[in-house]
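In: next comes the sequence, and after it the predicted model I'd like to discuss.
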Amino acid sequence: MKKSVLQNLGKVLNKQEQKEVNGGRRGFCFGLFFCAFDCADGDRCAVPNGSGGANMGTIVNGQCCL
């Protein structure tokens, strides 16, 4: 196993491979959020910001990412 991991060091990953590695996350992602209708990946979502407002984001892998 170590050998296969070491062989991949230095390999440039394309965008799809990068998304598979880190779940496509960009910035901060939250598991608790609000959305409308079915809340599918790619839909808009909102995370409460603590001052009575909300920060808008997009659902990625079941989380709201800002």
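Out: On my side now, so go ahead. Bear in mind the structure is a predicted one, so any value in this text is a computation, not a measurement. Numbers count the residues shown, from 1 in each chain.

In: angles on the backbone of residue 48, please.
Out: Main-chain torsions, residue 48, degrees, to the nearest 10: phi -60, psi 140.

In: what residue ranges in the chain score low on pLDDT?
Out: Scanning the chain for pLDDT under 70 picks out the ranges 1-10, 18-26.

In: residue ranges for the helices of it, please.
Out: 2-7, 15-22 (DSSP state H).

In: which strands and helices lie in contact with the longest strand anywhere in the chain?
Out: In terms of residue count, the longest strand belonging to the chain (DSSP state E) is strand 54-60. When contacts are defined as 3 or more C-beta pairs under 8 Å, 6 or more residues apart in numbering; DSSP states H and E, strand 54-60 sits against strand 29-30, strand 44-48, strand 63-65. Using the backbone N, CA and C atoms, a C-beta is placed for each residue, glycine as well.

In: mind running it again at 7 Å?
Out: strand 44-48, strand 63-65 (3 or more C-beta pairs under 7 Å, 6 or more residues apart in numbering; DSSP states H and E).

In: so which bits of that strand are buried?
Out: Residues of strand 54-60 classed as buried: 57-60 (neighbour count, 16 or more other C-beta atoms under 10 Å).

In: mean neighbour count, the helices and strands packed on strand 54-60: which tops it?
Out: Of all those, strand 63-65 has the most neighbours on average by mean count of other C-beta atoms under 10 Å, namely a mean of 21.

In: contacts for that strand next, please.
Out: With C-beta atoms under 7 Å, 6 or more residues apart in numbering as the test, strand 63-65 has contacts from 25-31, 33, 45, 47, 57-58.
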